[in-house]
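**Q** sequence and predicted structure are below.
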There are 2 protein chains.
Amino acid sequence: MNKREFDILETKYNVLADNDKAAMEVRKMCKETGTFLVNLMASPGAGKTTTLVRTIEQLKNRYRIGVMEADVDSDVDAVTVKNAGAKVIQLHTGGSCHMDADMTKRGMEKLDVSDIDILFLENVGNLVCPAEFDVGANKKVAILSVPEGDDKPLKYPLMFEVSDLLLVGKMDVSPVFDFRVENCKKYVEQLNPDMEVLPVSAKTGEGFDAWINWLEKEVKAYQEEER
Amino acid sequence: MNKREFDILETKYNVLADNDKAAMEVRKMCKETGTFLVNLMASPGAGKTTTLVRTIEQLKNRYRIGVMEADVDSDVDAVTVKNAGAKVIQLHTGGSCHMDADMTKRGMEKLDVSDIDILFLENVGNLVCPAEFDVGANKKVAILSVPEGDDKPLKYPLMFEVSDLLLVGKMDVSPVFDFRVENCKKYVEQLNPDMEVLPVSAKTGEGFDAWINWLEKEVKAYQEEER
C-alpha cells in the first residue's frame, strides 16, 4: 500500500467536554445510522488487532464493518485492519491514554458511519483508564490474554466490572503459561456475575464461533429494538 | 502468612500537587538516606513482580532492598515480594493509573527508607501514563514482554523515550511468539539511541547477570557521587 487509504484524526483530549452528554450524542448517531458500536479494551499487546482481523474476516460478507483505531501514536494497526476489509480511521489521542465519548463522536463523524453495521473502537492499550469512560458504545468487550496472568481481575477490577464480555485471548500459548481459565472466571464472577468469559485464540480460531455468535446475537437484538 | 506484614497506604492522586517540587523532595530524601530509587514500569502482566522477586533474591545478601507496590487495588504482589525478602509497602492509587512524585514521597515516608539501599517502585501496570510522571527516581526501567510484540515502541513511544534501560522480558517463551529482539532494538534506537536493551527471563534467569550488573554499576556510581 503506497498511498495511505484511511484518514488520521488528531482527537486530542478535551478536558472541558461533558462526557455523559457526548456519550448520549454517540448513542443518537448510532441509532440514526443503525450502527452497533463495540468498545474493545485491553492491555498493550493483548491481541486487540489480531482479534479484530479474524473477526472482520468472519463477518465481512454479512455486515459492513468499521474500525476506529485509537493510538497514542503510529498507524500500523490501521493498515492491518484496512487490509482485512474494514472501513478504517486512525485516531491519534495526542498522549491521552484512553478514548472518551467526545473523541469517539469526532472519530465517527470523520469516518462517516452511515454505511457501517458494526463499528469497533479499538481503544488505547490500557487496562485502567479506558474502563472509566463511557464512550457511548452498545457493548464493552475486554480482552485478557493468557500471558498476562489469570490474577489480573484482582489487580485491575474496574475493567472487569464494567465490561459486558471478556475474551480470554492467546489460548494457543496456554501450554507454556500457568494461566487457569477457571481461576480467571472465579475472580471475574466476584466482580461481575453476569459477564460471559469466552476463551479464544485469534491465531488458531479456537473459540471464535462462540464470540461471533455472541456478537451477532447482540447486533440482532439491537437492530430489532431499533425497528 | 496469617497477619499482613506490610502497610497499605491509600495514595490517592492529588491534582494540586506540584510534581516537579515533589520529585525534588524525593531526590532529597534519597540523598539523605543513600537510597537508590528505581521506577519500574510496564504493561499489566509483563512480569514486573516476577522480575523483582528474582532481582531481590540475587541482591538481598549484598543490599537492603525495599519495594513500593503500586496498584489500583489488591495486595497480591506485596505478599509475593515480601516473601522474597524485601521491605515492602503496598500503595493503593485509588483509581489512578500511574504514580506521581507526591504519591512516591508519601510512600517513602510511610515505608521509612532510612535502612534501604535499593528501593524499587513497581508502578501501576500501564505503558502510557507512568511515562509522563517524573517520580524523582534515580533510574527508570521499562519491561516489554515478548508476548506483547516487538512493535510496541512504535505505539507507545514515550515510555521508550524516557526510560534508561529496557528489559525484554519472558524470553523463555520466545519460541512460541514472533517477537524479534533486533526489531525491538531498531525501533527503540530511533526513540532513544542511548538506551540499553537487555533480553531476560525471570523464570529461567536468562540475561539476569547483565541486568544485575547494570543495576550494581548504577548503584555504585550513585553512592560514589554522594560521598
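**A** Noted; the coordinates are in hand.

**Q** which parts of chain A sit against chain B?
**A** A:43-46, A:71-74, A:76-77, A:95, A:97, A:124-129, A:132, A:145, A:147-149, A:151-152, A:154-158, A:170, A:172-173, A:176-177 (CB under 8 Å from any CB of the partner chain). C-beta here means a position set from N, CA and C on the backbone, and glycine is covered the same way.

**Q** just the buried ones from the residues you listed, in PyMOL syntax?
**A** The PyMOL command for the buried members of the residues of chain A next to chain B (criterion: 16 or more other CB atoms under 10 Å in any protein chain shown) is given here:
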select buried, chain A and resi 43+44+45+46+71+72+74+77+97+124+125+126+127+128+129+145+147+148+149+151+152+154+155+156+157+158+170+172+173+176+177
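
**Q** just the ones of the residues of chain A next to chain B in strands?
**A** A:Asp71, A:Ser145 (DSSP state E).

**Q** now the strands for chain A?
**A** Under DSSP E, chain A gives strands at A:7-10, A:36-42, A:65-71, A:87-92, A:118-122, A:139-145, A:165-169, A:196-199.

**Q** save these as TSV, and put in mean pLDDT too.
**A** Shown next, in TSV, are the strands of chain A (pLDDT from 0 to 100):
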stretch	mean pLDDT
strand A:7-10	78
strand A:36-42	98
strand A:65-71	96
strand A:87-92	94
strand A:118-122	98
strand A:139-145	98
strand A:165-169	98
strand A:196-199	98
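
**Q** within the sheet, what are the partner strands of the helix or strand bottoming out on mean pLDDT in chain A, with directions?
**A** The helix or strand of chain A with the poorest confidence is strand A:7-10; it has a mean of 78 (mean pLDDT, DSSP states H and E). Using DSSP bridges, strand A:7-10 pairs in its sheet with strand A:87-92 (parallel).

**Q** how far away from the center of its chain is the strand it pairs with?
**A** 13 Å (CA atoms, centre = their mean, to the nearest Å).

**Q** please apply the same query to stretch A:200-209.
**A** Counting by CA atoms, centre = their mean, stretch A:200-209 comes out at 16 Å from the chain centroid.

**Q** who does the closest residue to A:Trp214 other than its chain neighbours bridge with?
**A** Spatial nearest neighbour of A:Trp214, chain neighbours left out: A:Leu165 (6.2 Å); criterion: CB to CB, 6 or more residues apart in numbering or on different chains. Per DSSP bridges, the residues bridged to A:Leu165 are A:Val141, A:Glu196.

**Q** so A:Leu165 touches A:Glu196, yeah?
**A** Yes. Contact criterion CB atoms under 8 Å: A:Leu165 and A:Glu196 qualify, at 5.4 Å.

**Q** neighbour-wise, which of those two wins?
**A** Taking other CB atoms under 10 Å in any protein chain shown, A:Leu165 and A:Glu196 do not tie; A:Leu165 has more neighbours (18 against 15).

**Q** ok, the more buried one - contacts?
**A** Contact analysis of A:Leu165 by CB atoms under 8 Å, 6 or more residues apart in numbering or on different chains lists A:Lys139, A:Lys140, A:Val141, A:Ala142, A:Met195, A:Glu196, A:Leu198, A:Trp214.

**Q** gap between the nearest residue to the fourth one once chain neighbours are set aside and B:Thr93?
**A** Right, the one you point to is A:Ala142. Using CB to CB, 6+ apart and skipping residues adjacent in sequence, the residue nearest A:Ala142 is A:Ser163, 4.1 Å away. Noted for A:Ser163: a distance of 21 Å to B:Thr93, by CB to CB, to the nearest Å.

**Q** sorry, back to before: redo the strands of chain A as CSV? Include distance to A:Leu52.
**A** Conversion of these to CSV gives the following (distance: least, CB to CB, whole Å):
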stretch, distance to A:Leu52
strand A:7-10, 18
strand A:36-42, 7
strand A:65-71, 6
strand A:87-92, 10
strand A:118-122, 6
strand A:139-145, 10
strand A:165-169, 11
strand A:196-199, 15
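
**Q** of all these, which one is nearest B:Thr50?
**A** strand A:139-145 (16.3 Å; CB to CB).

**Q** between strand A:36-42 and that closest one, find me the angle.
**A** 30 degrees (axes from the mean of the first three to the mean of the last three CA atoms, to 10 degrees).

**Q** strand A:139-145: how far from the chain's middle?
**A** 7 Å.

**Q** run through the helices of chain A in chain order.
**A** Shown for chain A, the helices assigned by DSSP state H span residues A:19-33, A:48-59, A:76-84, A:101-111, A:152-155, A:157-162, A:181-191, A:208-226.

**Q** hmm, back to that, what two of the contacts of A:Leu165 are the furthest from one another?
**A** Among the contacts of A:Leu165, A:Lys140 and A:Leu198 lie farthest apart (CB to CB), at 14.3 Å.

**Q** what about these two, which has more around it?
**A** Neighbours were counted for A:Lys140 and for A:Leu198 using other CB under 10 Å; A:Lys140 has more, 22 against 19.

**Q** wouldn't the more buried one be in contact with A:Phe160 here?
**A** No. Contact criterion CB under 8 Å: A:Lys140 and A:Phe160 do not qualify, at 10.5 Å.
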